[in-house]
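1. any chance you can model this:
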Amino acid sequence: MIYGLYLSATGITTNAHQQDVIANNIANSDTDGFKRSLALVQAREVEARAIKASGLVSNPLLDRIGGGQFLSPTHVDFSQGIIEQTGNPLDVALNGPGFLAVGDENQVRLSRAGALMIDPQGRLITAQGHPVLDVSQRPINLKGIPVSELSIGSDGQIRRGQETLARISLVDSDRPDHVKPIGENLFTLTGDAKLIPARGKLVSGSLEKSNVEPAVELTRLMETQRLLEANATLIKYQDATLSKLVNEVGKIG
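-> Next comes the predicted model:
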């Protein structure tokens, strides 16, 4: 009975986490350049098998039930989103792998949010307010230059007519599995991952849409909700059974 409560509790934890991840995906289904996350879980072995040298006695019946679930690191789906034309000369979409290098509190971050603009100080920034960096990892400044006179090439070069003003830093990670989201549509490198030149190219006057499919995510959300309710119901039933066992069966006549 206690083991059943443990399995139900781990089920609630993993399903609640999955629900949070899916809800965040749905909330960002209209966010340009957003990449959906996948909450992964893995089966946990029973304690007697997981720690073979522990001397624990294995129960064949309980072993078949399993040891519950573990939450695995959340995986980010970097598949390409749909590219839509906007006609805005400062809008850029990355076609292929890679990111724009942007600044965030003196740190280099990565982003695929290509709705760019010029702030009052003349800096080229993302819609979230992060300065876009050049190949020297310095903020790009275009103060005093009309947007209508600017053009951005597929290699990130910003031109005014034939004059090259700056070049957007297009980067990627040598370890794609070490690129992690940190909020505000930004990513950072973890571990020993290093920045390398991006293979993707910019498409000017366009934006990459979110790769979230709302209908798919809503279906997954409903499935997770049903699993969450089932685990909660099971815990309630087991709690009532234990209460009856303690308060009625366990009474000394």
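2. quick check, pLDDT for residue 105.
-> Per-residue pLDDT puts residue 105 at 87.
3. check contacts around it.
-> Listed by CB atoms under 8 Å, 6 or more residues apart in numbering, the contact set of residue 105 is empty. Backbone N, C-alpha and C define where each C-beta goes, glycine included.
4. again, but for residue 85
-> Taking CB under 8 Å, 6+ apart, we find residue 85 in contact with 205-206.
5. quick check: pLDDT value at residue 124.
-> As summarised for this prediction, residue 124 has a pLDDT of 98.
6. how far off centre is the strand or helix carrying it?
-> Using DSSP states H and E, the secondary-structure element containing residue 124 is strand 124-125. Chain-centre distance of strand 124-125: 24 Å, with CA atoms, centre = their mean, to the nearest Å.
7. could you dump stretch 153-169 to CSV, C-alpha only?
-> These are the backbone C-alpha positions of stretch 153-169, laid out as CSV (Å, rounded to 0.1, in the frame of the first residue of the first chain):
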residue,chain,number,x,y,z
GLY,A,153,22.4,40.3,-46.1
SER,A,154,22.2,36.5,-45.7
ASP,A,155,25.6,36.6,-44.0
GLY,A,156,24.5,39.2,-41.4
GLN,A,157,26.1,42.2,-43.1
ILE,A,158,24.2,45.4,-42.5
ARG,A,159,24.6,47.8,-45.4
ARG,A,160,23.6,51.4,-46.2
GLY,A,161,23.7,51.3,-50.0
GLN,A,162,27.2,49.9,-50.8
GLU,A,163,28.6,50.8,-47.4
THR,A,164,28.9,47.9,-44.9
LEU,A,165,28.1,49.3,-41.4
ALA,A,166,28.3,46.2,-39.3
ARG,A,167,27.9,42.4,-39.4
ILE,A,168,25.6,40.5,-37.1
SER,A,169,27.3,37.7,-35.2
